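**Student:** Provided below for reference: sequence and predicted model.
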Amino acid sequence: MIAIIDYQAGNQTSVYRALVHLGIPCIITAESEEILTAERVIFPGVGAAGKAMDVIFSRGLGPVIREVVRQGTPFLGICLGSQIILDRSEENNTACLGLISGSARKFPDHVKVIPHMGWNTITVKRPHPILAHLDPRSQFYFVHSFYPEPTHVDALIAVTDYGIEFASVIGKANVVATQFHPEKSGPPGLQLLKNFSEWTGEVATC
Amino acid sequence: MDRGGGDMLSKRIIVCLDVRDGQTTKGVKFKGNVDIGDPVAMAEKYYEQGVDELVFYDITASSDKRNIMIDVVRNVAETIFIPFSVGGGIRTVNDMHDVLNAGAEKISINSAAVLKPELISRGALEFGSQCIVVGMDAKKVEITPEIPSGYEVWINGGRTPMGIDAVQWAQKSQDLGAGEICLNSIDADGTNNGYELTVTSLITDAVTIPVIASGGAGKPEHLKDVFNRAHADAALIASMVHFDHYTVGKIKNYLSSEGIAIRDIF
């Protein structure tokens, strides 16, 4: 069972529909017991970091997410979910969960069209099980104005070019996160979700 | 103008489906509107052809049939896994909520936004700018102090002139929190002679949010022109593919051969 964390915003229903389509059992929940006992956890999201963190803390989800990660449960953050797992976000200068050290940054001024909205490629820097069976030319659907910037290069899994090169997939141990929306990225996105549903949370060291 | 962002981002091909009473419909000269198929089946067909995004316009006349559209949205969301937006008949934040909740990625507002601009900011605040597409119908007019660009905003499906400058309205929409502009040229719409490049360029120069060009596409060269010469971020097509003159794949192959970044499915 995959628990999709319900924080009353974002695209949890899109992720739910994609998993149902793949035949993967899942629930949308904000119950700490269900999240803590799930085999895997997804934090989906669109919206603003400040508002999301408010909901996370007001519903007591911060400690739950930290415990999930501590106990080794495979954890996938999507879009905003790739930003709120960092220490902070420049969006509303928000303190975040700090599961991976780094911060969410705003695209620099020379990037004229914001949000970064549409289909773009990723360049893999470090192989990861959730990126298995993907053609390197595959494109994914992005929509965001801030991007994750991990402090340590070890957390960098894939990068994308949009005026600047930014981290589009990051990860550390059993935590992995995509800035793009796999649930809206057609066949390669569905493959990524399928990979996650089979991932044990281990990353081969190579 | 270089709109930045690098060359990596693919230009988007968006197929537009007009939906009336739960059926896709298309205006045909001298015949009025004819039903051309089930929107869910058509969405699936275009998804498999590699379309990047879809937009559904609800042109159902009576509001008591709104629920039919919500069912369509829900069925589409369960069938295809790319973004799609829904427009037509959305006048309140509640309407937006219903459509987004049924699985649409974005909502598109046109006349309602012109009449009630705060709808843009309220929607953006509630759901995020990325959800709010402002659709606008522009028509070439004489340049006046009121309309310095020479393009005026019309509403009600292009029937009512508003005395508002199209470029200024695009900028105001962006300031109010729109995440995207869908610019339809009334003059080009239905001609199959190509997009209106002048007004598209004026708008892409004036805003920093993505711009979808709409109206006039008849052949793949028209998409090339609107991308290369008017710097549109996305192009809307309808009859080109609805009547099987082209497939999305064929259009993309052409654009790719012309050096335009598009998305292939691997």
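**Tutor:** Perfect, I can see it now.

**Student:** CA atoms of stretch B:196-215 as CSV?
**Tutor:** The C-alpha trace of stretch B:196-215 is given here as CSV (Å, rounded to 0.1, in the frame of the first residue of the first chain):
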residue,chain,number,x,y,z
GLU,B,196,-2.1,35.9,-36.4
LEU,B,197,1.6,36.5,-35.9
THR,B,198,1.5,40.2,-35.2
VAL,B,199,-0.8,40.1,-32.2
THR,B,200,0.9,36.9,-30.9
SER,B,201,4.3,38.7,-31.0
LEU,B,202,2.9,41.8,-29.3
ILE,B,203,1.7,39.6,-26.4
THR,B,204,4.7,37.3,-26.1
ASP,B,205,6.9,40.5,-26.0
ALA,B,206,4.7,42.0,-23.3
VAL,B,207,4.4,39.2,-20.7
THR,B,208,6.8,36.8,-19.0
ILE,B,209,4.2,34.0,-18.5
PRO,B,210,3.8,31.3,-21.2
VAL,B,211,1.6,32.2,-24.2
ILE,B,212,-0.5,29.7,-26.1
ALA,B,213,-1.3,30.8,-29.7
SER,B,214,-4.8,30.0,-31.0
GLY,B,215,-6.8,30.4,-34.1
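
**Student:** give me the buried positions along it.
**Tutor:** Buried residues in stretch B:196-215, defined by neighbour count with 16 or more other CB atoms under 10 Å in any protein chain shown: B:196-204, B:206-215. C-beta coordinates here come from the backbone N, C-alpha and C atoms, glycine included.

**Student:** how about stretch B:153-161?
**Tutor:** B:153-155, B:158.

**Student:** and those, which is closest to residue B:82?
**Tutor:** residue B:158 (28.4 Å; CB to CB).

**Student:** three-state assignment of that closest one?
**Tutor:** coil (DSSP: H, G, I helix; E, B strand; the rest coil).

**Student:** so it touches residue B:188, yeah?
**Tutor:** No - counting by CB atoms under 8 Å, residue B:188 is not a contact partner of residue B:158; they are 11.5 Å apart.

**Student:** mutual contacts of those two, please.
**Tutor:** Counting by CB atoms under 8 Å, 6 or more residues apart in numbering or on different chains, residue B:158 and residue B:188 have no contacts in common.

**Student:** element containing residue B:175?
**Tutor:** helix B:166-176 (DSSP states H and E).

**Student:** the inter-axis angle of the very next helix or strand once past that helix versus helix B:166-176?
**Tutor:** Note on helix B:166-176: by DSSP H and E, the next helix or strand toward the C-terminus is strand B:180-185. Calculated by axes from the mean of the first three to the mean of the last three CA atoms, to 10 degrees, strand B:180-185 forms an angle of 160 degrees with helix B:166-176.

**Student:** OK, contacts around the residue of the stretch 101-250 of chain B found nearest chain A?
**Tutor:** At 4.7 Å from chain A, residue B:130 is the closest residue in the stretch 101-250 of chain B, using CB to the nearest CB. By CB under 8 Å, 6+ apart, the contact list for residue B:130 reads A:46, A:115, A:117, A:143-144, B:106, B:179-180.

**Student:** strands - which of those land there?
**Tutor:** A:117, A:143-144, B:106, B:180 (DSSP state E).

**Student:** dump the contacts of residue B:130 to CSV, plus distance to residue B:96, neighbour count and pLDDT.
**Tutor:** Listed next are the contacts of residue B:130 as CSV, based on distance: CB to CB, whole Å; neighbours: other CB atoms under 10 Å in any protein chain shown; pLDDT from 0 to 100:
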residue, distance to residue B:96, neighbour count, pLDDT
A:46, 14, 21, 72
A:115, 18, 20, 91
A:117, 18, 27, 94
A:143, 17, 24, 93
A:144, 20, 25, 92
B:106, 10, 25, 94
B:179, 13, 25, 95
B:180, 15, 26, 97
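
**Student:** and of those residues, the nearest to residue A:153?
**Tutor:** Closest to residue A:153, out of all of the contacts of residue B:130 and judged by CB to CB, is residue A:144, at 21.6 Å.

**Student:** the closest one bridge partners, please.
**Tutor:** residue A:116 (DSSP bridges).

**Student:** wait, what's in contact with it?
**Tutor:** A:79-80, A:115-116, A:179, B:130.

**Student:** and the gap between it and residue A:115?
**Tutor:** Relative to residue A:115, residue A:144 is positioned 6 Å away (CB to CB, to the nearest Å).

**Student:** tell me where chain B has strands.
**Tutor:** B:12-20, B:23-28, B:32-37, B:53-58, B:84-87, B:106-109, B:132-140, B:151-155, B:160-165, B:180-185, B:211-214, B:234-237.

**Student:** do the same with chain A
**Tutor:** For chain A, the strands defined by DSSP E occupy A:2-5, A:26-29, A:40-43, A:75-78, A:88-89, A:94-95, A:102-106, A:116-121, A:123-124, A:139-144, A:146-150, A:156-162, A:164-172, A:175-178.

**Student:** may I see the buried residues of the helix or strand bottoming out on mean pLDDT in chain A?
**Tutor:** When each helix and strand of chain A is scored by mean pLDDT, DSSP states H and E, helix A:49-58 comes last, with a mean of 88. Using 16+ other CB under 10 Å as the test for burial, helix A:49-58 gives A:49-53, A:55-56.

**Student:** between those residues, which is nearest chain B?
**Tutor:** Taking those together and measuring to chain B by CB to the nearest CB, the closest member is residue A:51, at 9.2 Å.

**Student:** model confidence score at the residue positioned nearest the centre of chain B, please.
**Tutor:** Closest residue to the average C-alpha location of chain B: residue B:182 at 4.6 Å, with CA atoms, centre = their mean. Looking at residue B:182, its pLDDT stands at 98.

**Student:** how far away is it from residue B:169?
**Tutor:** 13 Å.

**Student:** joint contacts of these two?
**Tutor:** In contact with both residue B:182 and residue B:169: residue B:136, using CB under 8 Å, 6+ apart.

**Student:** re the thing from before, now the ones in strands among the contacts of residue B:130 in JSON lines, with distance to residue A:34?
**Tutor:** Listed next are those as JSON lines, based on distance: CB to CB, whole Å:
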{"residue": "A:117", "distance to residue A:34": "33"}
{"residue": "A:143", "distance to residue A:34": "29"}
{"residue": "A:144", "distance to residue A:34": "28"}
{"residue": "B:106", "distance to residue A:34": "30"}
{"residue": "B:180", "distance to residue A:34": "36"}
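
**Student:** of all those residues, which comes closest to residue B:92?
**Tutor:** Among the ones in strands among the contacts of residue B:130, and counting by CB to CB, the member closest to residue B:92 is residue B:106, at 16.4 Å.

**Student:** tell me the contacts of the closest one?
**Tutor:** Contacts for residue B:106 (CB under 8 Å, 6+ apart) come out as B:83-86, B:130-133, B:179-180.

**Student:** out of these, which comes closest to residue A:151?
**Tutor:** Of all those, residue A:151 sits closest to residue B:130, with 27.1 Å by CB to CB.

**Student:** ok, the closest one to residue B:124 distance?
**Tutor:** Here the criterion is CB to CB. By it, residue B:130 lies 9 Å from residue B:124.

**Student:** mind listing the shared neighbours of those two?
**Tutor:** With CB under 8 Å, 6+ apart, residue B:130 and residue B:124 have common neighbours residue B:179.

**Student:** good, wrapping up.
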